[in-house]
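Peer 1: Got a predicted structure plus its sequence, pasted below:
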Amino acid sequence: MLSNQLQNKIKKNFWSHEILEAVPFYIFQPAESEAYINKYYPVYFSLVIGFISFGNVSWHYIEKEQEEIAQYLVDKIKRNKNYSLLLLNRWLKDSKNFYRLYNQMMRGDFGVYTDKELGSDFNTLYNCFLPLGARSFVLEGFSFKADVVLEKMLRETVKHNNREDLYEQALIVLSSTTHESFLQEAEQKLYSLYKKYSDNLPEKVLNRYLSDYAWVHNNYAGTGSLDRKWVLEQIKEFKYKALQKLNKAKIISERNSIFKKIKASSDLMNFSRAIDDFMFWQDQRKKMVFHVIEVQKKLLVEFSKRWKIEKNLLEYLSPAEFVSWARHGKMIDRKKLLSRQKNCCIMVAKNNISLIDKDVVKIKKLITTKYSRIENRQELKGSVANLGKVSGRVKIVLKVKDMENFKSGDILISSMTRPDMTPALKKAAAVVTDDGGITCHAAIISRELNIPCIVGTKVATRVFKDGDLVEVDANHGIIKTIE
């Protein structure tokens, strides 16, 4: 039975939402992190709700709380120019223990350990991740408003100094990262191996690479994987196109040049540098999340054989249920997991997270958004993440399977892009997303690939459909149907 308090909280708020592939076992760890943000910051998410059905999730945040978290961080940056770097460096230092535990666990042969030993080891790793996750998931709020704040500060600056002609260029330069992403790191490592061995990688070297970077293509549905086929395809590409290394010095030089040309205030310069810090932190957090998922995938393969239950059903356990089953033999009924596969809900509140089986449909009906009316819209506007103007056919990509028929030159439209979408992103003529801001994955990868990108349209995945011929004008943040 739904409490009146919960019903009223859901009804009175406006909700942002994103759609992605996910199952409870893998998405629970970032979700549970959000439950403990309040332990580190005075602002937090009081309620987050995710509806899961057959490997897909619709994730909902209260918009007002995203704005409050973003404003808190913006204010802290204004008062202390080193605030973002301080948070980042502390987190990176504390993350070393997590990777020590990860490497220790992954080096072992799961087959020789008892259920209880594996359950305990995973529980230790998971509990090491949670506080690191909580400290970094505050960035979900920052990314929601960073583009709005930067755009406002930048418009005021260029207008005051009569340099409005530099606005678009400045927006891209001041929101660019000087840090290599974990995907670039993996590709650079492979490229260095190619330069050393050409296309004749010794089997031992290839297997070591696959082991070291197995986590790179993970996702919240557990369907992504870095495999031999991908490695060999990448090496084949290297024959015809050298991999370019991120030029940090050039980016910093361009940023300083723009600062000088537009006569940027210290507040604008500090905020731009904070965006750079937080973009890198987001990437490092995702890297850590993917490492946890790599352990979880290996565990479920092992326990599926031991417990004689399908791996895809075990994916509908919560981590706590899995640990309880492994350590204490507290089994979850197979029928319950089958029911969750059809419909379940993760509800995150302050210091609490629940995996709900009942009243899911009722809760879902209560969630309302201000984007419900989208009929007959031929044009949308979003935030510019990378400049350019192209036309092409739409391909909606919400999950890995949607990439199967993706053609070179298609316009990729998604709720939010993720690292496992990289093969399609490399073929795309442009990228458009429902959610995200100038610090999101789509913004970062579009700059790496130098393709037009518009983010934060709210409803692009529902307005456009596969095959639509559209024009993406990322110079002005507009996507429209032209046929």
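Peer 2: Now that the structure is in, tell me what you want to look at. Numbering: from 1, shown residues only.

Peer 1: Report the buried residues of stretch 181-198.
Peer 2: Ser181, Phe182, Leu183, Gln184, Glu185, Ala186, Glu187, Leu190, Tyr191, Leu193, Tyr194 (16 or more other C-beta atoms under 10 Å). The C-beta positions use only the backbone N, C-alpha and C, and glycine is treated the same way.

Peer 1: Sorry, slip of the keys, the one I care about is stretch 89-101.
Peer 2: Trp91, Ser95, Phe98, Leu101.

Peer 1: Low-confidence bits of this protein, can you list those?
Peer 2: Low-confidence regions of the chain, defined here as pLDDT under 70, cover residues 1, 368-376, 483.

Peer 1: Mind telling me what element the residue nearest to Lys245 when sequence neighbours are not counted is part of?
Peer 2: Residue nearest to Lys245 in three dimensions, not counting chain neighbours: Gln188, with 6.5 Å by C-beta to C-beta, 6 or more residues apart in numbering. Assessed by DSSP states H and E, Gln188 sits inside helix 182-197.

Peer 1: May I have that helix exported as CSV, CA atoms only?
Peer 2: Provided in CSV are the C-alpha atoms of helix 182-197 (Å, rounded to 0.1, in the frame of the first residue of the first chain):
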residue,chain,number,x,y,z
PHE,A,182,39.2,5.9,-19.9
LEU,A,183,38.1,4.9,-23.5
GLN,A,184,41.0,7.0,-24.9
GLU,A,185,43.3,5.4,-22.4
ALA,A,186,42.3,1.9,-23.6
GLU,A,187,42.6,2.8,-27.2
GLN,A,188,46.0,4.5,-26.7
LYS,A,189,47.3,1.3,-24.9
LEU,A,190,46.1,-0.8,-27.8
TYR,A,191,47.6,1.6,-30.3
SER,A,192,51.0,1.4,-28.5
LEU,A,193,50.8,-2.4,-28.8
TYR,A,194,50.0,-2.1,-32.5
LYS,A,195,53.0,0.1,-33.0
LYS,A,196,55.2,-2.4,-31.3
TYR,A,197,53.8,-5.6,-32.8
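
Peer 1: show me where the stretch 201-350 of the chain has strands.
Peer 2: 344-349 (DSSP state E, counting those that start in this stretch).

Peer 1: Report the distance from stretch 430-449 to the chain centre.
Peer 2: When distances are taken as C-alpha atoms, centre = their mean, to the nearest Å, stretch 430-449 is centred 11 Å away from the chain's centroid.

Peer 1: so how far does that stretch reach from one end to the other?
Peer 2: Using C-alpha to C-alpha, to the nearest Å, the end-to-end distance of stretch 430-449 comes to 10 Å.

Peer 1: again, but for stretch 19-38
Peer 2: Per C-alpha to C-alpha, stretch 19-38 runs 25 Å from first to last residue.

Peer 1: So which bits of that stretch are buried?
Peer 2: Quick answer for stretch 19-38 (16+ other C-beta under 10 Å): 19-37.

Peer 1: on that earlier part again, now, the buried residues of stretch 89-101 that are in helices?
Peer 2: Among those, the residues falling in helices (DSSP state H) are Trp91, Ser95, Phe98, Leu101.

Peer 1: Name the nearest residue to Glu310, ignoring sequence neighbours.
Peer 2: Closest residue in space to Glu310, ignoring its immediate chain neighbours: Ser304 at 6.5 Å, by C-beta to C-beta, 6+ apart.

Peer 1: How about the contacts made by that neighbour?
Peer 2: Contacts for Ser304 (C-beta atoms under 8 Å, 6 or more residues apart in numbering) come out as Glu310, Lys311, Leu314.

Peer 1: chain center to the lengthiest helix in the chain: distance?
Peer 2: In the chain, with assignment by DSSP H, the single longest helix is helix 266-307. Mean-position distance between helix 266-307 and its chain equals 8 Å (C-alpha atoms, centre = their mean).

Peer 1: which residues touch the most centrally placed residue in the chain?
Peer 2: Centroid-nearest residue in the chain: Arg418, 5.6 Å away (criterion: C-alpha atoms, centre = their mean). Going by C-beta under 8 Å, 6+ apart, Arg418 touches Leu20, Asn219, His441.

Peer 1: Check the gap between it and Tyr191 for me.
Peer 2: Arg418 is 23 Å from Tyr191, where distance means C-beta to C-beta, to the nearest Å.

Peer 1: doesn't His60 make contact with Ile49?
Peer 2: Yes. The pair Ile49 and His60 passes the contact test of C-beta atoms under 8 Å, sitting 4.7 Å apart.

Peer 1: Spit out the residues that contact those two alike.
Peer 2: Common neighbours of Ile49 and His60 are listed as Trp15, Ile367 (criterion: C-beta under 8 Å, 6+ apart).

Peer 1: Out of these two, name the residue with the larger neighbour count.
Peer 2: Neighbour count, other C-beta atoms under 10 Å: between Ile49 and His60, Ile49 has more, with 25 against 21.

Peer 1: tell me the contacts of the more buried one?
Peer 2: Ile10, Trp15, Trp59, His60, Cys345, Ile346, Met347, Val348, Ile363, Ile367.

Peer 1: and if you look at Gly141?
Peer 2: By C-beta under 8 Å, 6+ apart, Gly141 lies in contact with Val43, Phe45, Glu65, Gln66, Glu67, Glu68, Ile69, Ala70, Tyr72, Leu73.

Peer 1: quick revisit: turn the contacts of Arg418 into TSV, columns for distance to Lys239.
Peer 2: Output for the contacts of Arg418, formatted as TSV (distance: C-beta to C-beta, whole Å):
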residue	distance to Lys239
Leu20	34
Asn219	29
His441	28
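
Peer 1: which one of those residues sits closest to Asn82?
Peer 2: His441 (25.9 Å; C-beta to C-beta).

Peer 1: Disregarding residues adjacent in the polypeptide, which is nearest to that closest one?
Peer 2: Nearest residue to His441 in three dimensions, chain neighbours excluded: Thr417, at 5.1 Å (C-beta to C-beta, 6+ apart).

Peer 1: ok so that neighbour is a helix residue?
Peer 2: No. Read with DSSP: H, G, I helix; E, B strand; the rest coil, Thr417 is coil and lies in no helix.

Peer 1: Hmm, it is touching Val432, no?
Peer 2: No. With contacts counted by C-beta under 8 Å, Thr417 stays clear of Val432, the gap being 9.9 Å.

Peer 1: Quick check: can you list the domain ranges of this protein?
Peer 2: By the assignment in automatic domain parsing, the chain contains the domains 4-137+280-366, 182-240, 379-481.

Peer 1: out of those, deepest packed?
Peer 2: domain 379-481 (a mean of 21; mean count of other C-beta atoms under 10 Å).

Peer 1: Quick one: end-to-end length of it, please.
Peer 2: End-to-end for domain 379-481, by C-alpha to C-alpha: 7 Å.

Peer 1: Noted, bye for now.
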